[in-house]
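1. can't give you the sequence, but here's the structure:
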């Protein structure tokens, strides 16, 4: 069972049909929308500020979602995929965004809708990723535009697949396994 912990009088609030793995941790002032999935060893820590997560968001294995004390909350829109080992900290992520595996999005960053942050990218404090941009590198910079093909083939596909993947874990016929 996931560790869902009240802290300083604030308990996480989860939407409908959310999937949480047994090893994820959600603490404090966290609000999550419907059809979200939080995967193995992920930590969402709303202890020093609030974290707001929209609908149909998947936060993959070993990701860390945090915020900055008295400065920057974290806000994540709808239909967002946050890849394995990513760090999303004190920033604003709009709708229909893909944050790649191992990417780091730092304080006071804004990532507008339909953008992609490539795997391993480090988006440094205060940067503004405009709608439809593709950023990569360390430090990250704009390297192109998100094509319609990438928008449908990656952003939409991954978000939809994670709803499907989470449904596999709820199948009572599979609970007889190893």
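-> On my side now, so go ahead. Please read all numbers here as calculations on a predicted model, not as lab measurements.
2. can you tell me the SS state at the nearest residue to residue 10 once chain neighbours are set aside?
-> Here the nearest residue to residue 10 in space, its sequence neighbours aside, is residue 29; by C-beta to C-beta, 6 or more residues apart in numbering that works out to 4.2 Å. To be clear about C-beta, it is placed using only N, CA and C from the backbone, and glycine gets the same treatment. Counting by DSSP: H, G, I helix; E, B strand; the rest coil, the backbone at residue 29 sits in strand.
3. okay but residue 29 is in contact with residue 51, surely?
-> Yes. The criterion here is C-beta atoms under 8 Å, and residue 29 meets it with residue 51 at 6.8 Å.
4. more crowded one of those two?
-> Neighbours per residue (other C-beta atoms under 10 Å) separate residue 29 from residue 51, with residue 51 holding more: 25 against 22.
5. got a pLDDT number for the more buried one?
-> Turning to residue 51, the model gives it a pLDDT of 98.
6. about what we covered before: give the contact list for the residue nearest to residue 10.
-> 7, 8, 10, 12, 46, 47, 49, 50, 51 (C-beta atoms under 8 Å, 6 or more residues apart in numbering).
7. quick check, pLDDT for the second one.
-> Residue 8 is assigned a pLDDT of 96 by the prediction.
8. what residues does the helix or strand bottoming out on mean pLDDT in the chain touch?
-> Within the chain, no helix or strand scores below helix 148-150, which has a mean of 93 by mean pLDDT, DSSP states H and E. When contacts are defined by C-beta under 8 Å, 6+ apart, helix 148-150 is touched by residues 116, 134.
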